[in-house]
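In: make a model of this:
(2 chains)
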Amino acid sequence: MMGTLNVIAEPGKHDLVLTREFDAPRALVFRAMTEPELVARWWGHEPFATTVEALDARPGGSWRFTMTGEGTEPMSHYGYFHVVDAPAQVVYTYEFSGMPGHIGLVTATLEERDGKTFLTEQSLFTSVEDRDGVIASGMEHGAAESWDRLETVARSLVVTA
Amino acid sequence: MMTIYEALAEPTRRRILDLLRERPRLVGELVDLLEMSQPGVSKHLRVLREVGLVDVRQDAQRRWYELRTDPLAEIDDWLKPYRELLEARYRRLDNLLEELKRQEENK
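Out: Okay, here's the model as predicted:
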């Protein structure tokens, strides 16, 4: 069973809101979001490998995830934790090495109902351009992933032909 | 002419769209609900019609304003690659959570 992801980025606004349901108690979802060895297993995206360089989930603690892949410069996502209220809420800053200095403030809230967890993640940027830039940078990666898959398919076709 | 993004950037126009999402409405209703002057509301409705977000249906003496969602679907397309990236990420988290749940049960 898969939860539905909602991505809300209203034109002209500074924020980006994600909602997603998980079929697990929130204590587990919280662990998966804040323990370094667990985060490394799901964060990031194909075909990049994610290295959790820092993840100190307490107020003032820092986090830094670096993605590496063949033929591309390593890209990092990093920031500092402001609020860590297990298992209900985490507030942290978000910055991407592709657009340094454009900092977002992320509030991730976990609510539990009937053993399921509802995640709401609001990212607030200082301008519409910053928010759209972050979405666009994610898209470039998404496109890279699609091209990679296409290449794999193309290669397998060559082999069987 | 304004782009759809510019049209949507104005808070009152977003509020009008929210009200029209519930049901088609007459200008008078919008004037009451928004507590604005009729010329002000009409000006916003004209902008929304120009970018194709609102249609007018004539019913005897009354003009009903209704929402058109086609242009909003285009905006949604803009977010699609980003959503796909996150969907893949959260599917991995789903799998990890299944594993953690089994570990807890076996404790």
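In: C-alpha only now, for contacts and for neighbours.
Out: Noted.
In: residue boundaries of the strands in chain B?
Out: Secondary structure of chain B by DSSP state E: the strands cover B:54-59, B:62-67.
In: want to throw these into TSV with mean neighbour count and distance to chain A?
Out: Converted to TSV, the strands of chain B look like this (neighbours: other C-alpha atoms under 10 Å in any protein chain shown; distance: least, C-alpha to the nearest C-alpha, whole Å):
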stretch	mean neighbour count	distance to chain A
strand B:54-59	14	17
strand B:62-67	18	17
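In: can I get these in a markdown table with mean pLDDT?
Out: Formatted as a markdown table, the entries for the strands of chain B read as follows, by pLDDT from 0 to 100:
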| stretch | mean pLDDT |
| --- | --- |
| strand B:54-59 | 92 |
| strand B:62-67 | 93 |
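In: compare those strands and give me the one nearest A:Leu105.
Out: Relative to A:Leu105, the nearest member of the strands of chain B by C-alpha to C-alpha is strand B:62-67, separated by 33.3 Å.
In: next, the angle strand B:54-59 makes with that closest one.
Out: Relative orientation of strand B:62-67 with respect to strand B:54-59: 150 degrees, computed using axes from the mean of the first three to the mean of the last three C-alpha atoms, to 10 degrees.
In: so what touches strand B:62-67?
Out: Where contact means C-alpha atoms under 8 Å, 6 or more residues apart in numbering or on different chains, the residues beyond strand B:62-67 that reach it are B:17, B:20-21, B:23-27, B:53-58.
In: about what we covered before: export the strands of chain B to a markdown table and tack on distance to A:Arg41?
Out: Converted to a markdown table, those look like this (distance: least, C-alpha to C-alpha, whole Å):
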| stretch | distance to A:Arg41 |
| --- | --- |
| strand B:54-59 | 46 |
| strand B:62-67 | 43 |
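In: relative to A:Gly44, which of those is closest?
Out: If you check each of these against A:Gly44 by C-alpha to C-alpha, strand B:62-67 wins as the nearest, at 37.8 Å.
In: what's the closest of the strands of chain B to B:Leu79?
Out: strand B:62-67 (21.2 Å).
In: run the chain-centre distance for the closest one.
Out: Its chain's C-alpha centre lies 17 Å from the corresponding centre of strand B:62-67 when counted by C-alpha atoms, centre = their mean, to the nearest Å.
In: and what of stretch A:114-128?
Out: 11 Å.
In: and if you look at stretch A:3-10?
Out: If you compare the mean C-alpha spot of stretch A:3-10 with that of the full chain, they lie 13 Å apart, counting by C-alpha atoms, centre = their mean.
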